[in-house]
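**Q** No letters, just coordinates:
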Ligand code: 15L
């Protein structure tokens, strides 16, 4: 994999990957709706919208592997989720397939499975259980990925990212389970780009956290060896004295589960 496209390259994760992967591949092409730092050696920068197929086709040309980060990164209205995370996501896979891209790393999220109970360890085989409109869009993206893997032999990895923080440290008690550090995110992405070949993988994007509740045993072959442990930030997290509402505290997806909640938690097994 020599030529890499990062969509959403100006976002929080995109910026860290752009810097962390710099010089590692022949080309890193960076696509984003917003402004980006100018291209340096081995980089290209494109400004454009993933809803626009002409932009996507130009961005995909000559690319071996796409790291697809673009989209709304948190819960939002359907009016915002639909164009970016549904239409844009489908267009990205579709354009990649038409342009002969071999591999897609899709930035999914733990919120695709957020309504699983927190006391249960979850792995790649658990049923989709979205906790938000955002989570629904990630289930959709994973389904699109499965389709392009099975029907078009695109190699697809769905990365269910936990808590990636711009400040590079966990910010509440739950994130002692779900945190991923910047260097682990860069390393995991490089593992997915550089692996000799896979069909379809679901990977949890987390560091080597002591309190980790997401099981990555199925993807040991990818060579991901996270270095960081959220527990090293325990004292700082306790000092923040954060708390969770009674709904959020029961489920992996936490605050996304509590948002707009009108259900009965006793019915959610
Ligand atoms: C996500 O998918 C969001 O993008 C991020 O902002 C966090 O909310 C994170 O999940 C999380 O679960 O902590």
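**A** That came through fine. The structure displayed is predicted, hence computed values, not measured ones.
**Q** Only C-alpha atoms from now on, for both contacts and neighbour counts.
**A** Will do.
**Q** Just give the closest residue to the closest residue to the ligand within the stretch 51-200 of the chain, not the sequence neighbours.
**A** Using Cα to the nearest ligand atom, the closest approach of the stretch 51-200 of the chain to the ligand is made by residue 163 at 3.7 Å. Setting aside the residues directly before and after it, residue 163 is nearest to residue 179 in space (Cα to Cα, 6 or more residues apart in numbering), at 4.4 Å.
**Q** who's in contact with the residue of the stretch 51-200 of the chain closest to the ligand?
**A** Residues in contact with residue 163, defined by Cα atoms under 8 Å, 6 or more residues apart in numbering, are 170, 175, 178-180, 206.
**Q** looking at the residues you listed, which has the most residues close by?
**A** In terms of neighbours by other Cα atoms under 10 Å, the contacts of residue 163 top out with residue 206 at 31 neighbours.
**Q** Next up, the contacts around the closest residue in space to that one that isn't next to it in sequence.
**A** Distances taken as Cα to Cα, 6+ apart place residue 180 nearest to residue 206, at 4.4 Å, with adjacent residues excluded. Residues in contact with residue 180 (Cα under 8 Å, 6+ apart) are 161-165, 205-207, 228.
**Q** Could you do residue 148 as well?
**A** Residues counted as contacts of residue 148 (Cα under 8 Å, 6+ apart) are 93, 97, 154, 156.
**Q** how does it look with 7 Å?
**A** Neighbour list for residue 148: residue 154 [criterion: Cα atoms under 7 Å, 6 or more residues apart in numbering].
**Q** my read is it is in a strand, agree?
**A** No. Checked against DSSP: H, G, I helix; E, B strand; the rest coil, residue 148 lies outside a strand; its state is helix.
**Q** how far away is it from residue 200?
**A** Going from residue 148 to residue 200 by Cα to Cα, to the nearest Å gives 9 Å.
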